[in-house]
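# Fold the following, please.
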Amino acid sequence: MLEAAKRAARAALETWRRADSARHMRHSAPHVTRNALITGLARLGIAQGDTLFVHSSLKSLGYVEGGAASVVHALQDAVGPQGTLLLPTYYLPGGTVRATCDMKDYVFDPRRHGTHMGRLPEAFLASGNIHRSIHPTHSVSAWGRHAADLTEAHHRAPSIFGMGSPWQRFIGCDHAKVLGLGISMGPVTFYHALEDAMGDAFPVPVWEDATKLLACLDHAGRRWEVPVRPFDPAVAQRRIDHPGRGDLREYFAREFDAAGLRVNGQVGDAASWAIPAQAFYDHLGQLASEHVTIYASAAELAARPIGRA
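From the prediction side, this is the model:
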């Protein structure tokens, strides 16, 4: 009962914080319309028929008239009925993959578990015609032409980002792009697809040795045991999304700009970017072959000049 009370208190505090932030933004931030978002996405090269894996910071966009739902509609308008959207709708009740793996009696149920990934993924989940993958830590949700195919086999994949996962299937889609709305190059889980594919050949051992089996229910209530291998917490401290690794975020932004792979632009009030998925994946592989990864030390970055062919 104490844990339930703590969760309720945290939820109430988060609701208050969001309401207070919305009031502040309504009076101080630039107002952004759905049409303005569509225009900004077009300037990034987002087009009808694209398949987008979207990572986002809603507050960075400014005060969006209609809120997160308006952003979802703008994204859908931008790719059209032949396009597809994927958003991370991860659910980590333990706060991290490792802590979630250690929870007793945890069973992921997509019919009642939401997401810890912020307001845009929450709004996306609440919108219509969404397909959600069955995974206890890294569930992905999709809308559009390829939504069912991208999400239907995640619980049967050998690992979080392995073959059959939404990431591996996404790479093979025509016109697939990774879209960063108001974020840096840091909080992008697409990086891990390469780590999983390379396995022991990846220059950095990023996973713990033991694989856990976590229980999930699918949309019909059937139970599955899904393999999850936690990240090594020591390695995670060196990763590009760690607050202290601004050097890595800057390096990767400049590197993908120098390679001509990243399209930059303004969406709403936010600096945003898009990279074709296959080119992103291939360039990450090239960098890894030169010992530059999202865990690289300052010395490793210095040894490999930005833009070196």
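# my guess is residue 97 meets residue 231, correct?
Yes - Residue 97 is within contact range of residue 231, at 6.0 Å (criterion: CB atoms under 8 Å). (C-beta placed from N, C-alpha, C; glycine too.)
# Settle it for me: which of these two has more neighbours?
Using other CB atoms under 10 Å, the more surrounded residue of residue 97 and residue 231 is residue 97, with 23 against 17.
# quick one: the more buried one and residue 203, what's the gap?
Counting by CB to CB, to the nearest Å, the gap from residue 97 to residue 203 is 21 Å.
# now do residue 282
Distance from residue 282 to residue 203, by CB to CB: 16 Å.
# Please say which of the two ends up with more neighbours.
For residue 282 versus residue 203, neighbours defined as other CB under 10 Å are more numerous around residue 203 (17 against 14).
# For the more buried one, which non-adjacent residue is spatially closest?
Take residue 203 and drop its neighbours on the chain: the residue closest to it by CB to CB, 6 or more residues apart in numbering is residue 291, 5.3 Å away.
# On the three-state scheme, residue 253 is what?
helix (DSSP: H, G, I helix; E, B strand; the rest coil).
# nearest residue to it other than its sequence neighbours?
residue 185 (4.9 Å).
# Okay, now the unreliable bits of the protein?
Scanning the chain for pLDDT under 70 picks out 1-29, 309.
# And it, what are its domain boundaries?
1-30, 33-302 (automatic domain parsing).
# Over to the longest one now: how far is its first residue from its last?
Across its full length, domain 33-302 reaches 43 Å between end residues, using CA to CA, to the nearest Å.
# Tell me where the chain has strands.
For the chain, strands defined by DSSP state E occupy the ranges 31-32, 51-56, 63-64, 84-88, 107-108, 131-132, 140-144, 176-181, 212-217, 223-228, 263-267, 270-276.
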